[in-house]
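Colleague: could you work out the structure for the sequence below:
(one chain, ligands or ions: 1)
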Amino acid sequence: MADGRKIRYYDSHGQSRSAADRRPADDQPAIGEMRLDLLTNEWVAIAAHRQGRTFLPPKELCPLCPTTGEMLSEIPDSDYEVVVFDNRFPSLKSPDKGWTLPEENGIETEIPAAAGICEVVCFTSDHGTSFGELSTRQIRTVLEAWRDRTRELSQLDFVQQVFPFENRGEEIGVTLAHPHGQIYAYSYLTPRTEKMLASARRYFARHGRILLDDVIKRELQDQVRIIAQNDHWIAYVPFAARYPFEIHVAPLVGVPDLTALSTAAADAFPEIAHEVLARLDGVFNIPMAYIAAWHQAPVREGRDVMRLHWQITSIRRAPGKLKYLAGSESAMGAFIMDMKPEQSAAQMREVTIK
Ligand SMILES: [Zn+2]
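Modeller: Numbering: from 1, shown residues only. Down below sits the predicted model:
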């Protein structure tokens, strides 16, 4: 790209891509800082430049549509299948050589640069669709892009964890309507990953088995929370769901991350993704706002016990009603659910798939 960022095209039939970025080279924002919340020992990335980012532009000014005529977007070519490029407003950036995460964390500690990588994944050139409505081939291409980026980002010496995700819907703060997701490669383990890693390790030490394998075994026994299944994947509402509609999608043969998926499992993913998202949208017959998050094992530890899964959470309780994270959830991290997971699973199973 003109300003030095990198763009990658993922195509299913070998097009050559050479369109030049004709925009003037903007200055790149400086790297932010990472501050440690001493009370919880959790990192907070502070990226003050993100205030200026594009907020819900009209379709004709969409920066994620292909370039047409004089409308120069983030994608120089006039068409694309899937693209991944460096985020123009990154919360985390590639640090100077030799950057390390401070080990001793105290009040006297120096403030480290917010090291990491933030990328944007455009799922399709079609502005008016959604991930769940993409063709099988298109979802497969997106999956391949996630796999490729996980592989490459995992090789950077400052990266500890790679997190592909999608935010969908204005209700949860999406600032661009174009179907897209993001990838964060963190230079530290996120609080949720640290917790999941500790649980997986504790379980393995106690039982000698992989935690997620046993969770899936229980779902297969109980059946009541399963909402979709094929030869390679299972989708279920977790036993202790935190959100009105929460779905976990996991490969039946556990793997640490996307790169370790078999070709057969990767090929079977679009089918289950279609079904899960159709069931979610079918509950109230409206496009559901959701967060779809790929939980992967960290890059350098825990790969023997942590297993890949795709977590979809929606804060919508009913048409016109959202679940807000209020006192108990926000201040204490203690979730209160007013619906049984078995009930939301039944509602999603009852949806007739067209
Ligand atoms: Zn667009």
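Colleague: this protein: helices as residue ranges?
Modeller: Applying DSSP state H to the chain gives helices spanning 136-153, 191-207, 211-222, 263-282, 332, 341-349.
Colleague: just put those in JSON lines and tack on mean pLDDT, mean neighbour count and distance to Thr40.
Modeller: To be clear about C-beta, it is placed using only N, CA and C from the backbone, and glycine gets the same treatment. Compiled in JSON lines, the helices of the chain are given as follows (pLDDT from 0 to 100; neighbours: other Cβ atoms under 10 Å; distance: least, Cβ to Cβ, whole Å):
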{"stretch": "helix 136-153", "mean pLDDT": "98", "mean neighbour count": "19", "distance to Thr40": "26"}
{"stretch": "helix 191-207", "mean pLDDT": "98", "mean neighbour count": "15", "distance to Thr40": "8"}
{"stretch": "helix 211-222", "mean pLDDT": "98", "mean neighbour count": "15", "distance to Thr40": "24"}
{"stretch": "helix 263-282", "mean pLDDT": "98", "mean neighbour count": "19", "distance to Thr40": "32"}
{"stretch": "helix 332", "mean pLDDT": "93", "mean neighbour count": "9", "distance to Thr40": "12"}
{"stretch": "helix 341-349", "mean pLDDT": "97", "mean neighbour count": "19", "distance to Thr40": "28"}
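Colleague: out of the ones you listed, which is closest to Glu119?
Modeller: Closest to Glu119 of these is helix 136-153 (Cβ to Cβ; 6.5 Å).
Colleague: one step back: between the helices of the chain, which one is closest to His232.
Modeller: Among the helices of the chain, helix 263-282 comes nearest to His232, with 3.9 Å by Cβ to Cβ.
Colleague: gap between the residue nearest to Leu197 when sequence neighbours are not counted and the ion?
Modeller: Of all residues not flanking Leu197 in the chain, Gly302 sits nearest, at 4.5 Å (Cβ to Cβ, 6 or more residues apart in numbering). Gly302 is 38 Å from the ion, where distance means Cβ to the ion, to the nearest Å.
Colleague: could you list the contact residues of the stretch 101-250 of the chain toward the ion?
Modeller: Within the stretch 101-250 of the chain, the positions adjacent to the ion are 127, 178 by Cβ under 5 Å from the ion.
Colleague: list the contacts for the residue nearest to Leu197?
Modeller: Residues near Gly302 by Cβ atoms under 8 Å, 6 or more residues apart in numbering: 197, 200-201.
Colleague: again, only using 10 Å
Modeller: 161, 189, 193-194, 196-198, 200-201, 204, 256 (Cβ atoms under 10 Å, 6 or more residues apart in numbering).
Colleague: again, but for Pro63
Modeller: 54, 57, 71-75, 88, 120, 122, 176, 178.
Colleague: look up the residues forming beta bridges with the residue nearest the centre of the chain.
Modeller: Centroid-nearest residue in the chain, with Cα atoms, centre = their mean: Phe165, separated by 1.2 Å. Beta-bridge partners for Phe165, by DSSP bridges, are Gln182, Ala293.
Colleague: now stretch 208-224: how far from the chain's centre is it?
Modeller: The chain centre lies 23 Å from the centre of stretch 208-224; the measure is Cα atoms, centre = their mean, to the nearest Å.
Colleague: again, but for stretch 217-229
Modeller: When C-alpha coordinates are averaged (Cα atoms, centre = their mean), stretch 217-229 and its chain have centres 24 Å apart.
Colleague: kindly report the same for stretch 75-86.
Modeller: Relative to its chain's centre, stretch 75-86 lies at 19 Å (Cα atoms, centre = their mean).
Colleague: which parts of it are buried?
Modeller: 75-77, 80-86 (16 or more other Cβ atoms under 10 Å).
Colleague: what does the domain assignment say about the protein?
Modeller: Here the domain assignment for the chain is 7-189, 192-349, based on automatic domain parsing.
Colleague: mind listing what Gly4 touches?
Modeller: Neighbour list for Gly4: 25-26, 28, 86 [criterion: Cβ under 10 Å, 6+ apart].
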